[in-house]
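Asker: one predicted model, sequence on top.
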Amino acid sequence: MVIRVLPVVLLLALTAIGAAAVVTGIAEQHAADTAYLADFSRPGAECGAGEAHFDESDGLVLACKPRGGSSVRYPGFSDAQNHAVEALAKDLGADSLSTVDRARIQQRVDEFAATVPPAARPHYDEGVSLGPVWGAGLAWAGGAVALLGGLGLYLRRRG
């Protein structure tokens, strides 16, 4: 009896682990993809996914909970780069931030982000990653594992 049940349990576990890896990988990749976004909103409004949040009416930094603070802190940016982004937003926001102003701020963030070495970029490892496999790579690998587990269950039931 145990010999007949054990393969099914192992295949179910393989499928569940693969599915968990897919969800974790997608979440990690989303967090990494939004690390260098500038978010624009009004005080009291919910802040978006970006690391820095600016008041669209005056360009000042919004303190969003739980992440935000009273200054810009992009991962891997120097203090001078963070200050330059904050100063640009404040200067452009003197008469509220237009769509063009927002694009200029995001462009400056993108320019600085392009200079951040890979080792200094955020890696949102939730403890499930396997060495260098995280984010989208973890999601794809997890999908393959889940597919193999499901296929094994199908063939086991069919045979």
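Answerer: That came through, no problem.

Asker: only C-alpha atoms for contact and neighbour calcs from this point on.
Answerer: OK.

Asker: report the secondary structure state of the residue minimising distance to the centre of the chain.
Answerer: By CA atoms, centre = their mean, the mean C-alpha position of the chain lies nearest to A31, the distance being 0.9 Å. Three-state assignment for A31 (DSSP: H, G, I helix; E, B strand; the rest coil): helix.

Asker: pLDDT of stretch 118-134, averaged?
Answerer: Across stretch 118-134, pLDDT averages out at 64.

Asker: now do the residue nearest to the centre of the chain against G135, distance only.
Answerer: In this view, A31 and G135 are 9 Å apart by CA to CA, to the nearest Å.

Asker: can you give me phi and psi for H53?
Answerer: For H53, the backbone dihedrals (degrees, to the nearest 10) come out as phi -120, psi 130.

Asker: quick one, phi/psi of the nearest residue to it once chain neighbours are set aside?
Answerer: Spatial nearest neighbour of H53, chain neighbours left out: D39 (4.6 Å); criterion: CA to CA, 6 or more residues apart in numbering. In this entry, D39 is assigned phi and psi values of phi -110, psi 140 (degrees, to the nearest 10).

Asker: show the pLDDT at the residue nearest to the centre of the chain.
Answerer: 70.

Asker: same thing with R4?
Answerer: 77.

Asker: check which helix or strand covers it.
Answerer: According to DSSP states H and E, R4 maps onto helix 2-33.

Asker: go through that helix and flag the buried ones.
Answerer: Buried positions in helix 2-33, judged by neighbour count with 16 or more other CA atoms under 10 Å: 8, 11-12, 14-29, 31.

Asker: tell me what that helix is packed against?
Answerer: helix 135-158 (3 or more CA pairs under 8 Å, 6 or more residues apart in numbering; DSSP states H and E).

Asker: who's in contact with the helix it packs on?
Answerer: Residues from elsewhere that reach helix 135-158 (CA atoms under 8 Å, 6 or more residues apart in numbering): 8, 11-12, 14-30, 32, 124, 129-130.

Asker: could you do stretch 90-97 as well?
Answerer: Under CA under 8 Å, 6+ apart, the answer for stretch 90-97 is 56-60, 101.

Asker: what is the burial count for D95?
Answerer: 12 (other CA atoms under 10 Å).

Asker: now do it against Q107, distance only.
Answerer: Taken as CA to CA, the span from D95 to Q107 is 20 Å.

Asker: also V23?
Answerer: Going from V23 to Q107 by CA to CA gives 31 Å.

Asker: before we move on, what about L11?
Answerer: As judged by CA to CA, L11 and Q107 stand 48 Å apart.
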